[in-house]
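K.L.:
Have a look; sequence and predicted model below, questions after that.
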Amino acid sequence: MEWHTPPPSMPYLGEICALLTAACWTASSTAFAVASRAVGPLPANHFRLCAALPVLFLLAWLCTGQAWPAAASSEQLTLLVLSGLAGLVLGDLGYFYALAKIGPRLCSVIMACWPACTVALEAMTGRLPNVGMLAGIGVTMFGVTLVLLRSPDTKAWNPGLTKGQRVLGILGAFVGAIGQAGGFVLAGLGMGAHGDAAAIDPLLVTVVRMATAVVGLQVVLTLHRQPFAAMQVGRDRIARRSALLGAVFGPIGGVWLSMIARQQAANAGVASALMATTPVFMMPVAFLLYGSRIGRLGVLGTLVATIGVAVCFLARPAR
């Protein structure tokens, strides 16, 4: 018996999946941080992508009856491949480079602009959000930014960083944000959304994008003379368990849910804003695991982001 993504008539399916994506990315980020600390970010990322791909192939075959979107046109496949390269290869490389140079706090603040980049790119395709959606996106991102700024740095992340390296790190974060936004918009164009008769199942879209990411990252690692980077994870028990957990909630669950959100949400900007609430979900996790203080700014940011999420839901036009 084949299972397919629920029809677009289900109320707020895309928006709900976007919030579930943020929750999945919280779990994935936490697990990925542990694996990266043990063996480094590139080996951990390589391992989780390679581990996720065969699982996605199997899930796609069990759920849709096919492991690859055979009915997709060459134009759709091209857009999905470009989406994978932009979001899962270029975007991730920019993000990881920035993370190493300028640190997680400043990098996360810059990356939080990716919903704005999504709105701008989506507008170029002729899909403009209404005023209510724009207000919801703006309020949500303002709340997320407050959460990200709640804990000022107590020491420099990289004391030996030169001015030129700092600029390159900031540019890397912007590349990450634009890459993620570009991949999200291209995925929507390739998969078909909002009741398109030629729409591709989001799970099959995830397979194409993940296969592209694995090949793209393999090329990058080979050029850096680390073609078997993932093997470092296999030798470390903690890194292996953490990377596998990160794969379940990241490349498998998180990316799949994000593609459902992209296909079913009223607007790509709204979906990306809801997915960008990961820092809000991360606060209680950081408090429970590491004893991190939430603080007044964190509480205020959470309230503002929650209001923004509510506005995004209420601004959705009736179908």
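P.N.:
Sure thing, it's come through.
K.L.:
can you count the residues close to the residue lying closest to Ala305 once chain neighbours are set aside?
P.N.:
Spatial nearest neighbour of Ala305, chain neighbours left out: Gly143 (2.9 Å); criterion: CB to CB, 6 or more residues apart in numbering. Where C-beta positions appear, they are placed from N, C-alpha and C, glycine not excepted. Per other CB atoms under 10 Å, the neighbour tally for Gly143 reads 23.
K.L.:
The helix or strand Gly143 falls within packs against which elements?
P.N.:
Element membership for Gly143, per DSSP states H and E: helix 131-148. Contacts defined by 3 or more CB pairs under 8 Å, 6 or more residues apart in numbering; DSSP states H and E place helix 131-148 against helix 104-111, helix 114-124, helix 268-275, helix 278-290, helix 295-314.
K.L.:
Tell me which of these sits nearest to Ala239.
P.N.:
helix 278-290 (17.3 Å; CB to CB).
K.L.:
Please point out which parts of the closest one sit buried.
P.N.:
Residues of helix 278-290 classed as buried: Thr278, Pro279, Val280, Phe281, Met282, Met283, Ala286 (neighbour count, 16 or more other CB atoms under 10 Å).
K.L.:
My read is that the residue nearest to Ala305 contacts Cys312, right?
P.N.:
No: at 11.7 Å, Gly143 does not count as touching Cys312 under the criterion of CB atoms under 8 Å.
K.L.:
Just put the buried residues of helix 278-290 in CSV and tack on distance to Leu297.
P.N.:
Listed next are the buried residues of helix 278-290 as CSV, based on distance: CB to CB, whole Å:
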residue, distance to Leu297
Thr278, 17
Pro279, 12
Val280, 12
Phe281, 17
Met282, 14
Met283, 11
Ala286, 14
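K.L.:
wait, which of the residues you listed is closest to Ile200?
P.N.:
Nearest member of the buried residues of helix 278-290 to Ile200, counting by CB to CB, is Thr278, at 26.0 Å.
K.L.:
hmm, back to that, right, and the helix or strand after the helix holding Gly143?
P.N.:
Remark: after helix 131-148, the chain's next helix or strand is helix 163-191, criterion DSSP H and E.
K.L.:
picking up where we left off before, for the residue nearest to Ala305, give me its contacts.
P.N.:
Applying CB atoms under 8 Å, 6 or more residues apart in numbering, we find Gly143 in contact with Val280, Leu300, Gly301, Thr302, Leu303, Val304, Ala305, Thr306, Ile307, Gly308.
K.L.:
So what's the residue count around the fifth one?
P.N.:
The one in question is Leu303. 13.
K.L.:
Tell me the confidence at it?
P.N.:
On pLDDT, Leu303 comes in at 94.
K.L.:
wait, Gly40 sits on Asp236?
P.N.:
No: using CB under 8 Å, Gly40 makes no contact with Asp236, being 10.5 Å away.
K.L.:
so what sits against both of these two?
P.N.:
If you check Gly40 and Asp236 against CB under 8 Å, 6+ apart, no residue is contacted by both.
K.L.:
what's the angle from the helix holding Gly143 to helix 268-275?
P.N.:
Angle of helix 131-148 versus helix 268-275, following axes from the mean of the first three to the mean of the last three CA atoms, to 10 degrees, is 30 degrees.
K.L.:
Please point out which parts of stretch 118-137 sit buried.
P.N.:
Thr118, Val119, Leu121, Glu122, Arg127, Pro129, Met133, Leu134, Ala135, Gly136, Ile137.
K.L.:
CA atoms only: put it into CSV for me.
P.N.:
What follows is stretch 118-137, C-alpha atoms only, in CSV (Å, rounded to 0.1, in the frame of the first residue of the first chain):
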residue,chain,number,x,y,z
THR,A,118,13.6,33.8,0.7
VAL,A,119,11.0,36.5,0.5
ALA,A,120,13.2,38.5,-1.9
LEU,A,121,14.0,35.5,-4.1
GLU,A,122,10.4,34.4,-4.1
ALA,A,123,9.2,37.9,-5.1
MET,A,124,11.4,37.6,-8.2
THR,A,125,9.3,34.6,-9.3
GLY,A,126,6.1,36.6,-9.0
ARG,A,127,4.9,35.2,-5.6
LEU,A,128,4.5,38.1,-3.2
PRO,A,129,3.3,37.5,0.4
ASN,A,130,0.4,39.6,1.5
VAL,A,131,0.9,42.4,4.1
GLY,A,132,-0.2,40.1,7.0
MET,A,133,2.3,37.5,6.0
LEU,A,134,5.1,40.1,5.8
ALA,A,135,4.2,41.4,9.2
GLY,A,136,4.2,37.8,10.7
ILE,A,137,7.6,37.1,9.1
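K.L.:
what's it in contact with?
P.N.:
Here stretch 118-137 has contacts from 115-116, 181-182, 184-185, 188-189, 266-270, 272-273, 308-317, using CB under 8 Å, 6+ apart.
K.L.:
Please repeat the previous calculation with a cut-off of 7 Å.
P.N.:
115, 181-182, 184-185, 189, 267-270, 272-273, 308, 311-312, 314-315, 317 (CB atoms under 7 Å, 6 or more residues apart in numbering).
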